[in-house]
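Peer 1: Below: sequence and its predicted model.
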Amino acid sequence: MATAEQQITKLRSLLDLLTTSVNDLITELSYSPSRKPMADIKADVRIPRGPKTEEARKCIIAAAGSLEAAVLTPQWRLGHLAHSYFVSRALHMAVEWDIPQLLADSGPMHLDTLASKTGIVDTNKLGLVMRMLCAHHIFSETALGVFANDEASTALATDERLANSVHYASFLFPTADVLPSLLKDPVLCASYAPRDSAFSKTIGKGMGQFEFLNAHPEWRDCFNLWLASLGEYLHGLTDVRGYPWEDILRNGAVVVDVGGGLGSSIQALRTNFPDRQNDFVGIVQDQPGMIEHATAHWQKTDPRALATGAVKLTTHDFFNENPVKGADVYWFRSVIVDWHNEDLITMFTHIKNAMTPGKSRLLIGEYMMHPTCGDTMLPNAPPPLLKNYGEFQAMGLIGGFVLTVSPNGCQRTLNELNNVVEAAGLIIAKVWICCGLGNVIECLLKEDL
């Protein structure tokens, strides 16, 4: 246990860092890039606008987590963590009962009315659910027993992808229940086969995640929306701000989104570089069922892109030769985590064989585990923060558990990924540090370095 003097020193250090970071963020957010006062700009100031605001945001989140650890006893903090799944379940229930939408449609509502509309016969128990969420800044109790939407719950009512992400998280809940026993099973724990996952043992009834989703289109569609939402807040900024895409998207460049799902990466590039929409071709490759869903999505959101050939949706098996030769970019986003090393080496070898020296590159957009002891390939947080920015990393690490229970995939450190990349005959040329949790790992042919 730290002495009183050591605790005081740490608290002062955290306070200094927190104060500096908040002031840096305020300074950066007070004016737009054109130096116009932000009061006149309609934008979410919590979205980082550059490296300085992102660093300030990361330090604030990490410092807040470190302050909590510093001022709470282990008994209090661990007791809270041990039971925090009730917070998640409260959120799952609120979304499943359409409470955000009910409040959006009708405004503030008394518990009696809310109970009647949701079919929950005991208002005290419904009140417990609502007050749990209010304490976590989801909904607000405007008067005793009267609840209304706040900013977070309004987002659930208006953002279909966000609501679906909560719904899908609730769908996955049974997998967490069997995870402890599965990890203690020496055979199942050592396996990365989809049918040996917690998903298969519970929801899938013997089927792996993607096998199950292909057999149940209603859940496949929910999964696609969940993945798009996850990609937006984990990697969405990676697509457009983490890598110098403006240097690539010109002169008819070809960007192949391997395992691209709905094609949200290509869509993000077209949205954020509207003046380059005619300067590059985006090719989305995925399984037939996914491409069918992607086609419907693009026909609804950007039919002209399909009609002109600016976006092409094609079926492709990762484990076969890639039919697109000499593309400027082969883009893997949120893909490598679903596969173990041997499979990845096969995939990357096919990409290497399709690449043209001096032109092509493999870009991997992914969350990479950053150990609390630090990583020489990643920037470490300033002291006294944990070197990986602590609480800022939480959602990425939660994603690691989702990968473990669902497709039986795995997250990696950069060192572990480097071993896979080199085994496929490529080399990591640079790690681009991005806003959010994702990074872009740029890989080239060895002769290009």
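Peer 2: In hand now; what should we look at?
Peer 1: The helix ranked longest in the chain - contacts with which helices or strands?
Peer 2: Among the elements of type helix in the chain, defined by DSSP state H, the one spanning the most residues is helix 4-29. Helices and strands in packing contact with helix 4-29 are listed as helix 51-71; criterion 3 or more CB pairs under 8 Å, 6 or more residues apart in numbering; DSSP states H and E. No exception for glycine: its C-beta is placed from N, CA and C like everyone else's.
Peer 1: in the helix it packs on, what's buried?
Peer 2: For helix 51-71, the buried set under the neighbour-count rule, 16 or more other CB atoms under 10 Å, comprises 53-63, 65-66.
Peer 1: Now tabulate the residues you listed in TSV and tack on pLDDT and distance to residue 249.
Peer 2: Compiled in TSV, these are given as follows (pLDDT from 0 to 100; distance: CB to CB, whole Å):
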residue	pLDDT	distance to residue 249
53	86	25
54	86	23
55	92	27
56	93	29
57	91	27
58	94	28
59	96	32
60	97	33
61	96	32
62	97	34
63	98	37
65	96	38
66	97	40
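Peer 1: Show me which of the residues you listed is closest to residue 258.
Peer 2: When the buried residues of helix 51-71 are ranked by distance to residue 258 (CB to CB), residue 54 comes first, at 27.3 Å.
Peer 1: coming back round to it: okay, the angle between the longest helix of the chain and helix 51-71?
Peer 2: Direction vectors for helix 4-29 and helix 51-71, defined by axes from the mean of the first three to the mean of the last three CA atoms, to 10 degrees, enclose an angle of 150 degrees.
Peer 1: The buried residues of helix 51-71 into CSV, with extra columns for distance to residue 129?
Peer 2: Written out in CSV, the entries for those read as follows (distance: CB to CB, whole Å):
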residue, distance to residue 129
53, 35
54, 35
55, 37
56, 35
57, 30
58, 32
59, 34
60, 30
61, 27
62, 30
63, 31
65, 26
66, 30
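Peer 1: With respect to residue 436, which of those is nearest?
Peer 2: Using CB to CB, the shortest approach to residue 436 within the buried residues of helix 51-71 belongs to residue 54, at 8.0 Å.
Peer 1: my guess is that closest one contacts residue 48, does it?
Peer 2: Yes. With contact defined as CB atoms under 8 Å, residue 54 reaches residue 48; the gap is 3.9 Å.
Peer 1: Name the residues contacting each of the two.
Peer 2: Residues touching both residue 54 and residue 48 by CB atoms under 8 Å, 6 or more residues apart in numbering: residue 435.
Peer 1: can you pull out the helices in the stretch 201-350 of the chain?
Peer 2: If you assign secondary structure with DSSP state H, counting those that start in this stretch, the helices in the stretch 201-350 of the chain sit at 209-215, 217-234, 236-241, 264-272, 288-301, 303-308, 341-354.
Peer 1: ok now the fourth one, how far from the chain's centre?
Peer 2: Same thing as helix 264-272. In this view, helix 264-272 has its centroid 16 Å away from the chain centroid, taken as CA atoms, centre = their mean, to the nearest Å.
Peer 1: Return the residues in contact with residue 72.
Peer 2: Applying CB under 8 Å, 6+ apart, we find residue 72 in contact with residue 80.
Peer 1: Likewise for residue 445?
Peer 2: 352, 355, 357, 360, 425-427.
Peer 1: how far away is it from residue 351?
Peer 2: Separation of residue 445 from residue 351 (CB to CB, to the nearest Å): 10 Å.
Peer 1: Show me the common contact partners of the two, please.
Peer 2: With contacts taken as CB under 8 Å, 6+ apart, residue 445 and residue 351 have residue 426 as neighbours in common.
Peer 1: closest to residue 95 out of the helices of the stretch 201-350 of the chain?
Peer 2: For the helices of the stretch 201-350 of the chain, distance to residue 95 was read as CB to CB. The smallest value, 12.0 Å, belongs to helix 217-234.
Peer 1: Report the mean confidence score over the closest one.
Peer 2: Taken as a whole, helix 217-234 carries a mean pLDDT of 78.
Peer 1: From the contact counts, what lies against that helix?
Peer 2: Contacts defined by 3+ CB pairs under 8 Å, 6+ apart place helix 217-234 against helix 160-171, helix 209-215, helix 264-272, helix 288-301, helix 394-405.
Peer 1: Quick one: the ones you listed as TSV, columns for mean neighbour count too.
Peer 2: As requested, the helices and strands packed on helix 217-234 are exported to TSV (neighbours: other CB atoms under 10 Å):
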stretch	mean neighbour count
helix 160-171	18
helix 209-215	19
helix 264-272	22
helix 288-301	16
helix 394-405	17
